[in-house]
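Engineer: fold the following, please.
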Amino acid sequence: MDRHISSVIEKRILRIVEKLNQNNMQGIYVKNREELIEKLNEMLPKGASIAVGGSMTLFETGVMDKIQSDDYHYVDRDGKDLQTEEEKYLRKREVFLVDYFFCGTNAITESGELYNVDGMGSRVAPMTFGPRNVVVIAGYNKIVKDYEAAVDRMKAIAAPANNTRIGTGNPCIEAGKCLNCRSDRRICCFGVLTGFQMVKDRIKVFILPEELGY
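Structural biologist: Modelled structure (predicted):
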């Protein structure tokens, strides 16, 4: 990447980090994926219980490989060992009790807010309450001007991309944009804006200067 563009991106991320800190979320700028893993090594105690919300960014950055290692107790909310609907439900409830919950985000506003849209609530619910630590990993492409732009980004990019990835068959796949469908397989049911935090630094937001996820 051109160094002048890199400088502009870095300054923008640092402004967002400051806003996140003002909202009692710990904003952290990391220069690359290697530095991200180093910081996670420093943060995560051995044996910590960890769960995740669906996120392509966690795979792209190598975070999934790290947290699924033998160093930690990984709670797989979609584990292949789960046979019945009751078992699947109980495993998703177990996510609320982990030490660290990892996820991405659909958007970060210039005011230092997180915006996320979910189907069942199994990602946005633990973000708001339950796990003692929430770790958000995001690329600079998730930064938007404000709440309205965050909603627009979800409808124009995140929703159709995630529906395509999962293979829901929802109409946004063909249209390439959200059509506010009423499909039984709709994954855009809960929209949550995360602003000021009562528990300081419970939510930690790592931002990288590259495009990651949807």
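Engineer: after the lengthiest helix in the chain, which helix or strand is next?
Structural biologist: What stands out as the longest helix in the chain, according to DSSP state H, is helix 3-22. As assigned by DSSP states H and E, the chain's next helix or strand after helix 3-22 is strand 26-29.
Engineer: remind me what that following strand packs against, helices and strands.
Structural biologist: Judged by 3 or more C-beta pairs under 8 Å, 6 or more residues apart in numbering; DSSP states H and E, the packing partners of strand 26-29 are helix 3-22, strand 203-208. For glycine as for every other residue, the C-beta is placed from the backbone atoms N, C-alpha and C.
Engineer: so of those, which one's packed in deepest?
Structural biologist: strand 203-208 (a mean of 24; mean count of other C-beta atoms under 10 Å).
Engineer: quick one: the strands in this protein?
Structural biologist: For the chain, strands defined by DSSP state E occupy the ranges 26-29, 49-52, 73-74, 100-103, 107-109, 114-118, 133-139, 143-144, 190-194, 203-208.
Engineer: include mean pLDDT when you put those strands into TSV, please.
Structural biologist: Formatted as TSV, those follow (pLDDT from 0 to 100):
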stretch	mean pLDDT
strand 26-29	98
strand 49-52	97
strand 73-74	96
strand 100-103	98
strand 107-109	98
strand 114-118	96
strand 133-139	98
strand 143-144	98
strand 190-194	96
strand 203-208	98
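Engineer: Met56 - how many residues pack around it?
Structural biologist: 15 (other C-beta atoms under 10 Å).
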